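Asks: coordinates for the following, if possible.
(2 chains)
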Amino acid sequence: MLSYIGRRLMWAIPTLIFVSFISFVIIQLPPGDFVTAYAAQLRNSGDYITEAQEAALRAEWGLNDPLLVQYWRWISNIIFYGDFGRSLEWNSAVSDLIWERLGLTLAISTLSMVFTWLIAIPVGVYSATRQYSVFDYVFTVFGFLGKGVPDFLLALILMWMTFVWLNMDVGGLVSPQFEGQPWDLAKFGNMLTHIWIPLLVLATGGAAGLIRVMRANMLDELRKPYVETAYAQGFGERTVVWRYPVRVALNPFISTVGWALPALFSGDVITAVVLNLPTTGPLLLQALKMQDMYLAGSFILILSVFTVIGTVLSDILLALSDPRIRFS
Amino acid sequence: MTLAFNPSQPPMPPDRLLQLDDVGVHFPTRDGLVKAVNGVSYHVNKGEVLGIVGESGSGKSVTARSIMRLQPKNAINASGTIRFRRKSGEELLINEQDRLSRTMRDLRGNEIGMIFQEPMTALSPVHTIGTQIARTVMLHRKVSKAEARARAIELLGKVQMPRPNDIVDRYPHHLSGGMRQRAMIALALACDPALLIADEPTTALDVTTEAQILELLKQLKDEMNMAIVFITHNFGVVADIADRVAVMYLGRVVETGTVDEIFYEPKHPYTQALLQSIPRLGQSHGRRLRTIAGMVPDPFNVPTGCSFHPRCMKAVGGVCDVQTPDDVLFPSGQRARCHYAGQTALAEAAQ
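Replies: Residues are numbered from 1 along each chain as shown, chains lettered A, B, ... in the order given. Down below sits the predicted model:
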């Protein structure tokens, strides 16, 4: 088992190096470089630098160096100093921009994922063990609706309904009067009245799909002979179902749990935009729209790194839960 | 309580472990009612091996699952009684028990063990052999985890598993087919059941392993004084292990007798035809193997009268296709469900 984990971690390192290099190349792809953009920015604010000054800046910042040297400078700044470069659009350090929003993003995404699983797994198991029962059909209809209705539309409908019927403005994370205030109990309470909408929207959207997956997995597993064996041992239905087929049916979930990590970080971009949430998702969208290359590149890097780490985590979890993986 | 629950039936003889009378199991399907089991009666005495032989679809597995109450959920228990003598000595009317009742759960894995055809998939792939056995032990006996584990190791030794101390922590995918079936047997025997139902336990195994498993079952049976209901479609296996044999065709037992009676004096034309269609070593070359004419009828259109009559070489028009035959009882205890049972043998002898 330890050697398996070790092997997976070893493989992650070259992948990470490769991924970070690709991210850097993407940052470099747009025509011009940081100095060009900087000069343009100065011109916009009425200032002016000469060609010679530009060249001097390029030399000073090492923009004439070979790509590999520049890559090393960029990645070592990130690794050793946590410095992701500057966002031209926001005119502040990329790391500040991201960290500022990261806590909230992770909170919303993690909570919605937990809700998704809490809804999807029991409902999926129920639907499979009571296939073609009334509630199975009810959940199926709900599932297809949830899968078919886009998250942002559901968010809009919920916002509209709470506005019309409850006379509440639930957009954003907190009501305008709390914006920019330090966190206290009143602000926290206010946040709770807002945060249920993204949680509900994200959890139902995710759960709808996962119910179908869980139901299908369970139906496959329930037909397997080991389930009959478990019944033949004298176990009750609940024990049989939760101890045996559910254990096996969860494996596809576990193998994809790692992908939740990058998803947690980017969040559901459109829902976040619609709900005006200060998460990282809208920031990423903005960065891509404005060709804010250091910000966008950093996002790509972080997302890729999270994907790699998440996959490694998934592999390890799956090996822990399914002994057959360890074997091969 | 030694009284029978059903006053119309006399209590079972004291050495009787299991008795089925006129058991019927039907399945509603889109195309009509399938009478998968249509009046099956057989019994098993303590410490005895009853072989149940029949083609696919003859209802032998469905009947066995009725004993465990583990039929598919849409099964209809149409008729009959299933009686089982518990360890306490009392008679239990299994057919009155619900699939998930407390009593049935006490019975399963504790007084009746069951082993299945597919050792590859009949064990949980994500639990160790030891865990699976220990869970059963802990379910039925008040023992600690350590004791249950010790019991698992003891059982693995009992089924002649090599290195039981090591195997106990192994997963099914580490084991070969034969070893998995041994583990399956250990699991079924976890609580010293009085009855073991073996549903084609050697069908998926190669011949060498099959012989080993049969040998093991025979040993365990003697050692633990356990009765076995051994379901198979293989007459060779029956000859090897069974004390008595029941032959099933289309949801009915057509003939019952001791293994010698069935092999040397089969009374029912179906049994005779089955035995003749077994290839034998030393049979003269060039002679064609006898087969049974026709196909097993589809379960929606079971022939009237004796359901075997369309394929029977001895069928008599006006009798066999009209009247359903009753069991003909012979002095030795052999039974055959044929209008001409006994007479056919006489007729052949006369020829």
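
Asks: for the stretch 51-200 of chain A, what are the low-confidence residue spans?
Replies: A:88 (pLDDT under 70).

Asks: for chain B, give me its nearest residue in it.
Replies: A:Gln131 (9.8 Å; C-beta to the nearest C-beta). In this view, the C-beta of every residue, glycine as well, is placed from N, C-alpha and C.

Asks: helices and strands of chain B: which one has the lowest mean pLDDT?
Replies: Lowest by mean pLDDT, DSSP states H and E among the helices and strands of chain B is helix B:343-350, with a mean of 54.

Asks: so B:Met114: helix, strand or coil?
Replies: Applying DSSP: H, G, I helix; E, B strand; the rest coil to B:Met114 yields a three-state assignment of strand.

Asks: ok, how many other residues are close to it?
Replies: 28 (other C-beta atoms under 10 Å in any protein chain shown).

Asks: also A:Val19?
Replies: 18.

Asks: what sits closest to it if chain neighbours are left out?
Replies: A:Ser304 (4.2 Å; C-beta to C-beta, 6 or more residues apart in numbering or on different chains).

Asks: rewinding a little: I'd like to know how many residues surround the closest residue to the residue of the stretch 51-200 of chain A closest to chain B other than its chain neighbours.
Replies: Excluding the flanking residues, the one nearest A:Gln131 by C-beta to C-beta, 6+ apart is A:Leu219, at 6.6 Å. Neighbour count for A:Leu219, taken as other C-beta under 10 Å: 16.

Asks: cool, B:Leu155 as well?
Replies: Neighbours of B:Leu155 under the rule other C-beta under 10 Å: 28.

Asks: need the three-state assignment for it.
Replies: Classified using three-state DSSP, B:Leu155 is helix.

Asks: for chain A, see how far away it is.
Replies: 13 Å (C-beta to the nearest C-beta, to the nearest Å).

Asks: ok, now B:Cys312?
Replies: Remark: distance between B:Cys312 and chain A (C-beta to the nearest C-beta) = 35 Å.

Asks: quick one, what contacts the closest residue to that residue other than its chain neighbours?
Replies: Leaving aside its chain neighbours, B:Cys312 sits nearest to B:Pro269 (4.9 Å; criterion: C-beta to C-beta, 6+ apart). The neighbours of B:Pro269, taking C-beta atoms under 8 Å, 6 or more residues apart in numbering or on different chains as the test, are B:308, B:312-315, B:338, B:344.

Asks: try B:Met226
Replies: B:Met226 makes contact with B:47, B:189, B:192-196, B:220 under the criterion C-beta under 8 Å, 6+ apart.

Asks: okay, now the residue nearest to A:Val19: neighbour count?
Replies: Neighbours of A:Ser304 (other C-beta under 10 Å): 18.

Asks: so it sits right up against A:Phe21, yeah?
Replies: No. Counting by C-beta atoms under 8 Å, A:Phe21 is not a contact partner of A:Ser304; they are 10.5 Å apart.

Asks: near chain A, which residues of the stretch 51-200 of chain B?
Replies: Contact residues, the stretch 51-200 of chain B versus chain A (C-beta under 8 Å from any C-beta of the partner chain): B:68, B:70, B:100, B:104-110, B:113-114, B:116-118, B:121-128, B:135-136, B:139-140, B:171, B:173-174, B:184, B:187-188, B:190.

Asks: show me where chain B has its strands.
Replies: Under the criterion DSSP state E, chain B carries strands at the ranges B:16-29, B:32-45, B:49-54, B:76-85, B:91-93, B:112-115, B:195-199, B:227-232, B:244-249, B:252-258, B:328-329, B:335-336.

Asks: a markdown table for the ones you listed, including mean pLDDT?
Replies: Formatted as a markdown table, the strands of chain B follow (pLDDT from 0 to 100):
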| stretch | mean pLDDT |
| --- | --- |
| strand B:16-29 | 93 |
| strand B:32-45 | 91 |
| strand B:49-54 | 94 |
| strand B:76-85 | 92 |
| strand B:91-93 | 91 |
| strand B:112-115 | 94 |
| strand B:195-199 | 95 |
| strand B:227-232 | 95 |
| strand B:244-249 | 94 |
| strand B:252-258 | 93 |
| strand B:328-329 | 88 |
| strand B:335-336 | 92 |
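
Asks: turn these into CSV, including distance to A:Ile49.
Replies: As requested, the strands of chain B are arranged in CSV below (distance: least, C-beta to C-beta, whole Å):
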stretch, distance to A:Ile49
strand B:16-29, 85
strand B:32-45, 90
strand B:49-54, 96
strand B:76-85, 91
strand B:91-93, 97
strand B:112-115, 86
strand B:195-199, 87
strand B:227-232, 92
strand B:244-249, 98
strand B:252-258, 101
strand B:328-329, 114
strand B:335-336, 110
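
Asks: poorly predicted segments of the stretch 251-351 of chain B, please.
Replies: Where the stretch 251-351 of chain B drops to pLDDT under 70, the residues are B:283-285, B:344-351.

Asks: and the residue nearest to B:Gly294 when sequence neighbours are not counted, how far is that from A:Leu250?
Replies: Leaving aside its chain neighbours, B:Gly294 sits nearest to B:Arg311 (4.3 Å; criterion: C-beta to C-beta, 6+ apart). To A:Leu250, B:Arg311 is 50 Å away according to C-beta to C-beta, to the nearest Å.

Asks: which one of those two is surrounded by more residues?
Replies: Higher neighbour count among B:Arg311 and A:Leu250: A:Leu250, with 22 against 18, using other C-beta under 10 Å.

Asks: what's near enough to touch that one?
Replies: If you count contacts by C-beta under 8 Å, 6+ apart, then A:Leu250 has A:121, A:217, A:321 around it.

Asks: mind checking which of those residues land in helices?
Replies: Using DSSP state H, the members of the contacts of A:Leu250 that fall in helices are A:121, A:217, A:321.

Asks: what score does the closest residue to the first one other than its chain neighbours have for pLDDT?
Replies: Translated: A:Ile121. Counting by C-beta to C-beta, 6+ apart, A:Met214 is the residue found nearest to A:Ile121 once chain neighbours are left out, at 5.8 Å. Turning to A:Met214, the model gives it a pLDDT of 92.
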